[in-house]
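>>> From the sequence below, what's the structure:
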Amino acid sequence: MVLVKTQAGQEALKDRRGSLSSRQRSAFILFDGKRTTGEILAATAAMGITQDDVQTMIAQGLLAPLSGQHLPAAAAVAAVAAATSMAPTPGAVEAPGTDLGTIASPVEGSGRSPKERYQAAYPIATELTAGLGLRGFRLNLAVEGAGNFDDLAALAPKIREAVGDARFERLDQALFD
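Numbers count the residues shown, from 1 in each chain. Below you'll find the model as predicted:
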């Protein structure tokens with residue numbers, strides 16, 4: 001499922017005193033209407049972002065499905081229950097195993113393996129972070145220490161924040177196409 005920021009979400013991001021924790025804020029930035037929830041969860045797994053965090057952001061009205069999409073029944077019930085501060089009723093629609101988006105298989109999309117994605121993305125990530133100079137020294141060290149796709153994907157939100165969306169696009173394509 002593809003989620004986008006709502007107007008309330010945009011304001012909470014700007015406010016910085018809202019209900020978003022720093023790790024949720026990092027994940028929240030990635031909800032741009034292009035990536036699936038599964039891709040974002042995969043990219044932020046190292047930061048500890050879970051499906052519960054995403055459901056909390058939906059319940060708070062910070063995220064919504066892209067136009068034309070609907071929340072799965074269990075997620076909709078949970079979002080309404082959380083928004084009204086009530087537990088779901090025992091007879092409510094319950095779909096165990098249904099979530100907002102399962103973590104994408106590493107070979108979905110272009111069919112490339114995680115190793116191939118890492119090999120394509122690593123040089124781009126080092127180029128982007130090295131271009132930041134002293135300001136990006138620690139981030140560059142973290143990229144150089146990333147030994148696999150998962151490590152590099154976990155650093156993606158920090159790289160995006162440091163270099164901006166336009167320059168990040170090449171790395172985004174190499175990692176998540």
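>>> So for stretch 137-148, mean pLDDT?
When pLDDT is averaged along stretch 137-148, the result is 90.
>>> Ok, stretch 5-22 next?
Average pLDDT, stretch 5-22: 79.
>>> Give me the distance between the two termini of that stretch.
In stretch 5-22, first residue to last residue: 16 Å (CA to CA, to the nearest Å).
>>> What residues of that stretch count as buried?
Residues of stretch 5-22 classed as buried: 5, 6, 9, 12, 18, 20 (neighbour count, 16 or more other CB atoms under 10 Å). Using the backbone N, CA and C atoms, a C-beta is placed for each residue, glycine as well.
>>> Go through these and say which is closest to residue 65.
Comparing those against residue 65 with CB to CB places residue 6 closest, at 10.4 Å.
>>> nearest residue to that closest one other than its sequence neighbours?
Closest residue to residue 6 apart from its sequence neighbours, by CB to CB, 6 or more residues apart in numbering: residue 64 at 5.0 Å.
>>> per-residue confidence averaged over the helix or strand hosting that neighbour?
Assigned by DSSP states H and E, residue 64 falls within strand 63-65. Mean pLDDT, strand 63-65: 88.
>>> for the chain, longest helix please?
Secondary structure of the chain per DSSP state H: the longest helix is helix 114-130.
>>> Pull out the buried positions in that helix.
Residues 114, 117, 118, 120, 121, 122, 124, 125, 128, 129 are the ones in helix 114-130 that count as buried (16+ other CB under 10 Å).
>>> can you pull the contacts of the last one?
Applying CB atoms under 8 Å, 6 or more residues apart in numbering to residue 129 gives the contacts 136, 139, 140, 143, 159, 162, 163.
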